[in-house]
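Colleague: what would the 3D arrangement of this be:
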Amino acid sequence: MMNKRPTRDVNVTILIVFVLCFTFWYGLRIYSSLVNWQILLEFGANPVYILATGLLWFLTGLGLLILLWKKHVRTIRAGLLAAVLYISWYWLDRLIIQVSPEPNVLFSAVFSSVLLVIYSFILITSAS
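Modeller: Reported below is the predicted structural model:
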């Protein structure tokens with residue numbers, strides 16, 4: 001008789017891929033800030049801020065990946081807290097800290113809200 005490995009729920013796999021992409025994106029932010037430090041300074045961007053926020057969200061993503069992978073009891077709470085903090089930082093950064101000349105607020109609001117709802121729904125229904 002062949003022993004089958006327990007399979008992960010598809011929703012948990014989707015969450016892991018989502019958080020992995022998020023973590024990879026902020027890893028690229030760290031790398032880009034280090035490689036382009038001088039260029040960022042020349043254009044008036046703050047490379048320390050870009051590096052620090054990249055590192056913060058990269059480490060947050062790694063932490064969430066570990067919690068999801070191990071099916072830890074605090075996964076839902078940590079995941080929701082991270083999502084709320086991230087959305088808050090995103091809007092603070094976008095509208096106050098690094099104001100964009102063309103912010104496209106409507107698209108960003110709809111897109112970030114939809115992603116937050118999908119992420120939260122999948123997290124709550126599958127990680128418990």
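
Colleague: low-confidence ranges, the protein, go.
Modeller: Across the chain, the ranges flagged by pLDDT under 70 are 1-8, 127-128.

Colleague: ok, which stretches of it are helices?
Modeller: 10-35, 37-42, 47-70, 75-92, 105-126 (DSSP state H).

Colleague: those into a markdown table, with extra columns for distance to Gln98 and mean neighbour count?
Modeller: C-beta: built from backbone N, CA, C; applies to glycine. Output for these, formatted as a markdown table (distance: least, Cβ to Cβ, whole Å; neighbours: other Cβ atoms under 10 Å):
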| stretch | distance to Gln98 | mean neighbour count |
| --- | --- | --- |
| helix 10-35 | 13 | 15 |
| helix 37-42 | 12 | 12 |
| helix 47-70 | 8 | 17 |
| helix 75-92 | 10 | 15 |
| helix 105-126 | 13 | 13 |
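
Colleague: OK, contacts around the residue positioned nearest the centre of the chain?
Modeller: In the chain, the C-alpha nearest the mean C-alpha coordinate belongs to Phe22, at 4.2 Å (Cα atoms, centre = their mean). Going by Cβ atoms under 8 Å, 6 or more residues apart in numbering, Phe22 touches 57, 61.

Colleague: what is the neighbour count of Pro101?
Modeller: Here the number of neighbours of Pro101 (other Cβ atoms under 10 Å) works out to 4.

Colleague: and the gap between it and Arg29?
Modeller: According to Cβ to Cβ, to the nearest Å, Pro101 stands 21 Å off from Arg29.

Colleague: repeat that for Leu40.
Modeller: Distance from Leu40 to Arg29, by Cβ to Cβ: 11 Å.
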